[in-house]
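[1] Model the following, please.
(chains A and B)
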2 protein chains.
Amino acid sequence: MHSSFFSQRLTVEQVEEGDQLAPKFDADGLIACVTTDATSGEVLMLGYMNAEALEKTLQTGEAHYWSRSRQLLWHKGANSGLTQKVVELRIDDDQDAIWLRTEVSGNGASCHVGYRSCFYRHVVLEYPGTGTTAKLAFNESEKVFDPISIYGDVPNPTIL
Amino acid sequence: MHSSFFSQRLTVEQVEEGDQLAPKFDADGLIACVTTDATSGEVLMLGYMNAEALEKTLQTGEAHYWSRSRQLLWHKGANSGLTQKVVELRIDDDQDAIWLRTEVSGNGASCHVGYRSCFYRHVVLEYPGTGTTAKLAFNESEKVFDPISIYGDVPNPTIL
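    Numbers count the residues shown, from 1 in each chain, chains lettered A, B, ... in the order given. Sure thing, here's the model as predicted:
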């Protein structure tokens, strides 16, 4: 999909140093998007946008993604009410990644499991030796919403 | 590549709520990694790791990535001296994305173009009408290093 909203990628200098939005979508037509809470700086989620999702995000001021598990345009918060308002949308040097700074409505949650951030666990840094497995510990101790009451019987997007 | 360092992905509950590191690598064997400055919270870059890069990052305490443009394991800062020390490595709900919180050595730069963050530009949010193109503006006004003096004639990794 080509939109007149985006510029064509002509030279490295234009892409890296210019003032034209010329995003690089991958073979699936997607660009990765890091979404943070604009106030706390916390990373909330890593999502993907296609050209339509990026254009809708910029035109409506609310985050839209491409759901890879459901294969559809996804207006974040359309079901849960937890929309993400765009504060700033940054693009990286070669324009193949987006950093979206947002204000999340409601209780501020962005994770389908019920936590505030999708990144609610960290690896315990013990630098284990051969044969041991890495362990996780939780950064968030309580869910901020009950996913069953919000999503009901919508299929879980996690794919093994 | 399967490492005993990682656990197998058996159930959604284990992946989302468990204490085992069971990352999901994509069809190319990669997992996306958001890297931030642990002090300022600024997003520095979005990179990709294969299993070896993730294991080396955890075992050495310094960020390693898989360079998609050069197709090799990439110890960040090995050439420039701007290594990224691991402060915390988080993983998301379905374990297909990493948030790496780091301390960057030297002048704190992480971008091959010479800026501190790769995300040195934002889209001007004018919500333009049909037929207009989106414009970028700069967040960083000055480069913190001269890429030519650091990288010399190493090919630019940006691909059009």
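[2] what bits of chain A have low per-residue confidence?
    Residue ranges of chain A with pLDDT under 70: A:1-3, A:127-131.
[3] Packing partners of the lengthiest helix in it?
    When chain A is scanned for its longest helix (criterion: DSSP state H), the result is helix A:51-60. Under the contact definition 3 or more C-beta pairs under 8 Å, 6 or more residues apart in numbering or on different chains; DSSP states H and E, helix A:51-60 sits against strand A:64-67, strand A:72-75, strand A:84-91. Placement of C-beta: from N, CA and C, glycine included.
[4] now the strands for chain A?
    Using DSSP state E, the strands found in chain A span residues A:31-37, A:43-49, A:64-67, A:72-75, A:84-91, A:97-104, A:121-123, A:136-138.
[5] in chain A, what residue is nearest chain B?
    Among the residues of chain A, A:G41 lies closest to chain B, at 3.0 Å counting by C-beta to the nearest C-beta.
[6] Kindly provide the distance from the nearest residue to that residue once chain neighbours are set aside to A:N139.
    Of all residues not flanking A:G41 in the chain, B:G41 sits nearest, at 3.0 Å (C-beta to C-beta, 6 or more residues apart in numbering or on different chains). As for B:G41, its distance to A:N139 is 14 Å (criterion: C-beta to C-beta, to the nearest Å).
[7] right, and A:L82 touches A:V104 too?
    Yes - A:L82 sits in contact with A:V104 when judged by C-beta atoms under 8 Å, with a separation of 6.0 Å.
[8] shared neighbours, the two?
    Listed as contacting both A:L82 and A:V104 by C-beta atoms under 8 Å, 6 or more residues apart in numbering or on different chains are A:S110.
[9] how big is the angle separating the longest helix of chain A from strand A:84-91?
    Interaxial angle of helix A:51-60 relative to strand A:84-91 (axes from the mean of the first three to the mean of the last three C-alpha atoms, to 10 degrees): 110 degrees.
[10] got the buried residues for helix A:51-60?
    Going by neighbour count (16 or more other C-beta atoms under 10 Å in any protein chain shown), the buried part of helix A:51-60 is A:A51, A:A53, A:L54, A:E55, A:K56, A:T57, A:L58, A:Q59.
[11] Would you confirm that the fourth one contacts A:F5?
    Yes - A:E55 is within contact range of A:F5, at 5.2 Å (criterion: C-beta under 8 Å).
[12] wait, A:T132 sits on B:F5?
    Yes - counting by C-beta under 8 Å, B:F5 is a contact partner of A:T132 at 7.4 Å.
[13] More neighbours: those two, which one.
    Taking other C-beta atoms under 10 Å in any protein chain shown, A:T132 and B:F5 do not tie; B:F5 has more neighbours (18 against 11).
[14] The more buried one and chain A, how far apart?
    Going from B:F5 to chain A by C-beta to the nearest C-beta, to the nearest Å gives 6 Å.
[15] OK, contacts around that residue?
    A:P128, A:T132, A:T133, A:A134, B:L21, B:E55, B:L58.
[16] Swap in 7 Å and give it another go.
    Residues near B:F5 by C-beta atoms under 7 Å, 6 or more residues apart in numbering or on different chains: A:T133, A:A134, B:E55.
[17] can you put these in JSON lines and add distance to B:Y151?
    Listed next are these as JSON lines, based on distance: C-beta to C-beta, whole Å:
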{"residue": "A:T133", "distance to B:Y151": "38"}
{"residue": "A:A134", "distance to B:Y151": "33"}
{"residue": "B:E55", "distance to B:Y151": "27"}
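[18] from the residues you listed, which is closest to A:K143?
    For the contacts of B:F5, the residue nearest A:K143 by C-beta to C-beta is A:A134; the value is 23.9 Å.
[19] Now the closest one: closest residue in space that isn't a chain neighbour?
    B:L21 (3.9 Å).
[20] From A:M49, how far off is A:L89?
    According to C-beta to C-beta, A:L89 stands 10 Å off from A:M49.
[21] Quick check: neighbours shared by those two?
    Counting by C-beta under 7 Å, 6+ apart, the residues touching both A:L89 and A:M49 are A:T57, A:I98.
[22] quick one: A:T57 and A:K85 touch, right?
    No - applying C-beta atoms under 7 Å, one finds A:T57 not in contact with A:K85, separated by 10.5 Å.
[23] thinking again about what came up before, redo the helices and strands packed on helix A:51-60 as a markdown table? Include distance to A:S110 and mean neighbour count.
    Formatted as a markdown table, these follow (distance: least, C-beta to C-beta, whole Å; neighbours: other C-beta atoms under 10 Å in any protein chain shown):
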| stretch | distance to A:S110 | mean neighbour count |
| --- | --- | --- |
| strand A:64-67 | 11 | 21 |
| strand A:72-75 | 12 | 15 |
| strand A:84-91 | 7 | 21 |
